[in-house]
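> here is the input, now give the coordinates:
(one chain, ligands or ions: 2)
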Amino acid sequence: MAALADAVWTPVETAWGRPSDDVLLGSIAGREVAFLPRHGRGHGLAPDEIPARANIAALKALGCRDVMAVSAVGSFREHLAPGTFVVVDQYVDRTIRGGRSYFGDGVVAHVAFADPSCRCLADRVEAALVALGLPHQRGGTMLVMEGPQFSTRAESRLHRAQGLDVVGMTGLPEARLAREAELCYVNLAMVTDFDAWHEGAVDVAEIVRVLGQNAANAQALVAELAKSAAPAGACPMGCHAALDNAIITPRDKWPDATRARLATLASRIFA
Ligand SMILES: CSC[C@H]1O[C@H](OP(=O)(O)O)[C@H](O)[C@@H]1O
Ligand SMILES: Nc1ncnc2[nH]cnc12
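Ligands and ions are numbered 1, 2, ... in the order given. Just a heads-up that it's a prediction; the model follows:
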């Protein structure tokens, strides 16, 4: 992230443990920006080893309001060629990993997740893509698979026939947790390959090559997004009030330890 001024890698500890790595804190055009590599620097964490709860909790604790997640994805569509960006608006979950909620342990909550992406933040991401002239599609459904192996050809053909757009391994539970943490969240997926439905097979070397070719575009996009104005006050989509009407356990039944942990995530309710 060359655009990040005065950048410092900063350790963060959360009630859900340490995030994937230290967080790079800096600023772009006077706006504070935090960057967290979800696989860690050097890519030492497999998709199911990513501490997603700690990652989102760390960003929340640092005062982040908007989270743009960037993911490398395979494409199920002929027109979504490598190098294309997709502003993801829906997900289909094929993961089996745990750690998908901050709730439980005596405090039960069910947040709405019908519209998993923040439309206001997606508007700003789209505007940045347009400003930079980058190939993109606004909206698209990401299939999140467990991995770490890529899909079989049969799985890939099935998911393509189901009308899904892209496939990745990390978009969930991240988006679920961002909603519970009352953050605005959108995933910007960068297509690195046609998945196995296409000829040939997916190959990490090819993915890394395409990522390398498009890293400058992704960085320029983050810089452009940071320059765009966030709406003043609470998110009009309600992201900052996601826990209103979601908690079913009465306050007087909340165990102290759980309440204290949740207070680090949503102090307006649990502090
Ligand atoms: C390097 S290919 C597989 C790997 O790439 C994607 O990572 P991310 O979502 O963090 O960009 C995919 O989900 C897999 O984890
Ligand atoms: N084809 C693919 N399947 C799953 N995750 C991916 N990340 C990048 N390409 C992928």
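> going forward, measure contacts and count neighbours with C-alpha atoms only.
Fine.
> and the strands in the stretch 101-250 of the chain, which stretches?
Taking DSSP state E, counting those that start in this stretch, the strands of the stretch 101-250 of the chain run over residues 136-138, 141-145, 166-168, 184-194.
> reformat those as TSV; add mean neighbour count, distance to A234 and mean pLDDT.
Below are these laid out as TSV (neighbours: other C-alpha atoms under 10 Å; distance: least, C-alpha to C-alpha, whole Å; pLDDT from 0 to 100):
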stretch	mean neighbour count	distance to A234	mean pLDDT
strand 136-138	17	23	98
strand 141-145	22	26	98
strand 166-168	27	30	98
strand 184-194	26	10	97
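> and these as a markdown table, adding distance to N214?
Putting the strands of the stretch 101-250 of the chain into a markdown table (distance: least, C-alpha to C-alpha, whole Å) gives the following:
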| stretch | distance to N214 |
| --- | --- |
| strand 136-138 | 13 |
| strand 141-145 | 20 |
| strand 166-168 | 17 |
| strand 184-194 | 8 |
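> of all those strands, which one is nearest V111?
Among the strands of the stretch 101-250 of the chain, strand 184-194 comes nearest to V111, with 13.8 Å by C-alpha to C-alpha.
> centre-most residue in the protein?
Central residue of the chain (C-alpha atoms, centre = their mean): A69, 3.7 Å from the mean position.
> A263 contacts A271, correct?
Yes: applying C-alpha atoms under 8 Å, one finds A263 in contact with A271, separated by 4.8 Å.
> between those two, who's got more neighbours?
A263 (15 against 12; other C-alpha atoms under 10 Å).
> who touches the more buried one in this structure?
I269, F270, A271 (C-alpha atoms under 8 Å, 6 or more residues apart in numbering).
> follow-up on the earlier one: which residue packs closest to the residue nearest to the centre of the chain, ignoring adjacent ones?
In this structure, A69 finds its nearest non-sequential neighbour in N187, 4.6 Å apart by C-alpha to C-alpha, 6 or more residues apart in numbering.
> give me the neighbour count for T258.
By other C-alpha under 10 Å, neighbour count at T258 equals 16.
> what's it in contact with, if anything?
Contacts for T258 (C-alpha under 8 Å, 6+ apart) come out as D105, G106, V107.
> please pick the buried ones from those.
Applying a neighbour-count criterion of 16 or more other C-alpha atoms under 10 Å, the buried members of the contacts of T258 are V107.
> can you sort out which of the contacts of T258 also neighbour ligand 1?
Counting by C-alpha under 6 Å from any ligand atom, nothing from those sits close to ligand 1.
> ok, so of the contacts of T258, who is nearest ligand 2?
For the contacts of T258, the closest approach to ligand 2 (C-alpha to the nearest ligand atom) belongs to D105, at 32.2 Å.
> and the residue lying closest to that closest one once chain neighbours are set aside, what element?
Sequence neighbours aside, T258 is the residue nearest to D105 in space, at 6.4 Å (criterion: C-alpha to C-alpha, 6+ apart). T258 is part of helix 256-263 when elements are defined by DSSP states H and E.
> how about W254, what does it touch?
Neighbouring residues of W254 by C-alpha under 8 Å, 6+ apart: G106, V107.
> please report phi then psi for it.
With angles defined as degrees, to the nearest 10, W254 sits at phi -70, psi 120.
> the lowest-mean-pLDDT helix or strand in the chain: how far from the chain's middle?
For the chain, counting by mean pLDDT, DSSP states H and E, helix 204-227 ranks last in confidence among helices and strands (a mean of 92). Chain-centre distance of helix 204-227: 16 Å, with C-alpha atoms, centre = their mean, to the nearest Å.
> hang on, isn't A57 packed against T14?
Yes: in this structure A57 lies within contact range of T14 using C-alpha under 8 Å: 6.5 Å.
> which one of the two has more residues nearby?
Set A57 next to T14 and count neighbours by other C-alpha under 10 Å: A57 wins out with 28 against 19.
> fine by me, thanks again.
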